[in-house]
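Student: okay, sequence plus prediction incoming.
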Amino acid sequence: YLQSMPKSETIRLREKHVGAACQLFFRSSPLKIVRGVAQFMYDETGERYLDCINNVAHVGHCHPHVVEAGRNQMSLISTNNRYLHDELVILAERLVKTLPEPLSVCFFVNSGSEANDLALRLARIYTKNKDVVTLDHAYHGHLTSMIDVSPYKLNLPGGPEKPEWVHVAPVPDVYRGKYTYPNDSQSEGELAEMYAVEVDKICKEIVKKNGGVCAFIAESLQSCGGQIIPPDGYMKRVYEHVREASGVCIADEVQVGFGRVGTHMWAFETQDVVPDIVTIGKPMGNGHPVAAVITTPEIAKSFADTGVEYFNTYGGNPVSCAIANAVLDVIEEERLLERATRVGSHLLARCNDLKLKHRLIGDVRGRGLFVGVELVTDRETRTPATAEAKHIINRMREEKILISRDGPDSNVLKFKPPMVFTTQDADRLVDTLDRVLAELDGNRAPVTNLKLEVLVTPISKDMTQSDAIVNKNIQSIKSS
Ligand code: PMP
């Protein structure tokens, strides 16, 4: 069924000829995926899997409108961007329309890593500074320059060390980070301030030592770090501190952009900030390699003023641009932001219900179709349930549902499905997870006092930020 050789032969050739550092999902029994349709993927036997993690196949695997756009443009011309082409300028104008002023100048590249690398280059040229502030557990790409600013990949045994020009601030994770809810504060604003002060301290030290900051780079919601939602007001304060230190702010929207958060096209908008440079990728081509950097005319001019031409052989080729335009068409025509808001809040609410049933769930958080479920063996100590998370991923795969885990302790189940995910899909995901968790509950004590009243009591030590949000919602439902 849609394969050139038996799976065993594919495995043999891969082991022989592909670098072992390129790791497979489910290594001991990898999947061979031969076809995709919307939120489903099919293996070589025709078995269908519900895809809950593919944030690249944003408008659904192999969306016919996107496929047709690519096929049509490929049959006409694919060349470099030294020739005029309408698809490129149409794409640039459409992207800029989704962004706040003064973000209005685009550079097209081929991957998220390339976009972030160019962003860093622009920041260096514009500020003439070198020091970069990044967040702990962040990942910004596989290029050498990006590994340097990706603590997720730094200081591993045998891996690269953090360069001295890179400064790591604590990730604003209010469940497991340096300042947590409600131990350090019950106020989101205070927690935001505590985490922002950490960045300020780093910026001030850099200014004292080297005169100024080059850039602060962060995902608007950190994904590799474990689906982290920063407390409200965090980015705003951080951007102020960075700019006071002459730095620019880079928002990495490679994973979380293009409407995944539902309420907005770009996740930074949920924090009410305007970055100086935005990088986008993954969902942009729905699986085709296309990415971009969007910045201000001032920063773009400083780059042009160097007199060095920026040429990128494939960046902005007509096929990539036609595909990216088709992705934007589908986002608009199928109203995928609205869907992400609706299906995402259903998924989040159902995960919160699961938390009431299963002690293994320590925290549930998310925005739109970006949801994380953090597993702990003990809610008081918040000890990561890493082995359990691994078991759950494998059990879900047996149930033909693909999810993955992340975070520094690999104990956060992450959901970031194609945006065509339905409430029925969310129900199937949560019902199955419920069953798998029940198998694991075993002799664990059940959660008691599950009545609504528990949630409307004042914030207790065992409560997390998402509890408080649920609490607030329930209070408002009760009072209406
Ligand atoms: N930034 C973020 C936040 C990412 O998650 C990734 C990829 N996982 C990248 C950048 C790099 O993108 P690419 O793999 O397309 O180079």
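Tutor: That came through fine. Numbers count the residues shown, from 1 in each chain.
Student: torsion angles phi and psi at the nearest residue to residue 396 once chain neighbours are set aside?
Tutor: In space, and not counting its chain neighbours, residue 396 is closest to residue 403: 5.3 Å by C-beta to C-beta, 6 or more residues apart in numbering. C-beta here means a position set from N, CA and C on the backbone, and glycine is covered the same way. Here is the backbone geometry of residue 403 (degrees, to the nearest 10): phi -130, psi 170.
Student: if residue 292 is in a bridge, with which residues?
Tutor: residue 108, residue 280 (DSSP bridges).
Student: tell me who's in contact with it.
Tutor: Going by C-beta atoms under 8 Å, 6 or more residues apart in numbering, residue 292 touches 95, 106-109, 115, 279-281, 284.
Student: what's the answer for residue 199, then?
Tutor: Contacts of residue 199 (C-beta under 8 Å, 6+ apart): 133, 169, 216, 238, 241-242.
Student: now, which of those lie within strands?
Tutor: Among the contacts of residue 199, the residues falling in strands (DSSP state E) are 133, 169, 216.
Student: highest neighbour count among the residues you listed?
Tutor: residue 216 (29 neighbours; other C-beta atoms under 10 Å).
Student: of the contacts of residue 292, which ones also sit close to the ligand?
Tutor: residue 281 (C-beta under 6 Å from any ligand atom).
Student: nearest to the ligand, of the contacts of residue 292?
Tutor: Checking the contacts of residue 292 against the ligand by C-beta to the nearest ligand atom gives residue 281 as the nearest, at 4.8 Å.
Student: wait, the closest one sits on residue 288?
Tutor: No. Contact criterion C-beta atoms under 8 Å: residue 281 and residue 288 do not qualify, at 11.0 Å.
Student: who has more neighbours, the two?
Tutor: For residue 281 versus residue 288, the count of surrounding residues by other C-beta under 10 Å is larger for residue 281: 27 against 19.
Student: quick one: contacts for that one?
Tutor: 111-112, 115, 254, 290-292.
Student: can you check the pLDDT for the residue in the stretch 251-400 of the chain that the ligand sits nearest to?
Tutor: Using C-beta to the nearest ligand atom, the point where the stretch 251-400 of the chain gets nearest to the ligand is residue 254, with a distance of 3.7 Å. Residue 254 is assigned 98 on the pLDDT scale.
Student: and the residue nearest to it when sequence neighbours are not counted, how many neighbours?
Tutor: Excluding the flanking residues, the one nearest residue 254 by C-beta to C-beta, 6+ apart is residue 112, at 3.6 Å. Residue 112 has 26 neighbouring residues, counting by other C-beta under 10 Å.
Student: same check on residue 16?
Tutor: So residue 16, with other C-beta under 10 Å, has 7 neighbours.
Student: swap in residue 113?
Tutor: There are 23 residues near residue 113, going by other C-beta under 10 Å.
Student: residue contacts, it?
Tutor: Applying C-beta under 8 Å, 6+ apart, the residues near residue 113 are 140-143, 146.
Student: how about residue 228?
Tutor: Each residue near residue 228 by C-beta under 8 Å, 6+ apart is listed here: 171-173, 221-222, 365, 372.
Student: residue 232 now?
Tutor: 188-189, 192, 271.
Student: now it: how far from residue 270?
Tutor: 9 Å (C-beta to C-beta, to the nearest Å).
Student: get me the contact residues on this structure for the ligand.
Tutor: 111-113, 116, 139-142, 219, 223, 252, 254-255, 281-282.
Student: and residue 238, how many neighbours?
Tutor: Applying other C-beta under 10 Å, we find 28 residues neighbouring residue 238.
Student: residue 130 too?
Tutor: Counted by other C-beta under 10 Å, the residues lying close to residue 130 total 18.
Student: identify the residue spatially nearest to it, adjacent ones excluded.
Tutor: Closest residue in space to residue 130, ignoring its immediate chain neighbours: residue 165 at 4.9 Å, by C-beta to C-beta, 6+ apart.
Student: and that neighbour, how many neighbours?
Tutor: 14.
Student: now for it: which residues touch it?
Tutor: Listed by C-beta under 8 Å, 6+ apart, the contact set of residue 165 reads 130-132, 214.
Student: got it, and residue 376?
Tutor: 360-363, 382-385, 411.
Student: now swap in residue 375 and tell me
Tutor: Per C-beta under 8 Å, 6+ apart, neighbours of residue 375: 360-362, 384-385, 388-389, 392, 411-413.
Student: isn't there a strand covering it?
Tutor: Yes. Membership of residue 375 in a strand is supported by DSSP: H, G, I helix; E, B strand; the rest coil.
Student: can you pull up the bridge partners for it?
Tutor: The partner residues for residue 375, given DSSP bridges, come to residue 361.
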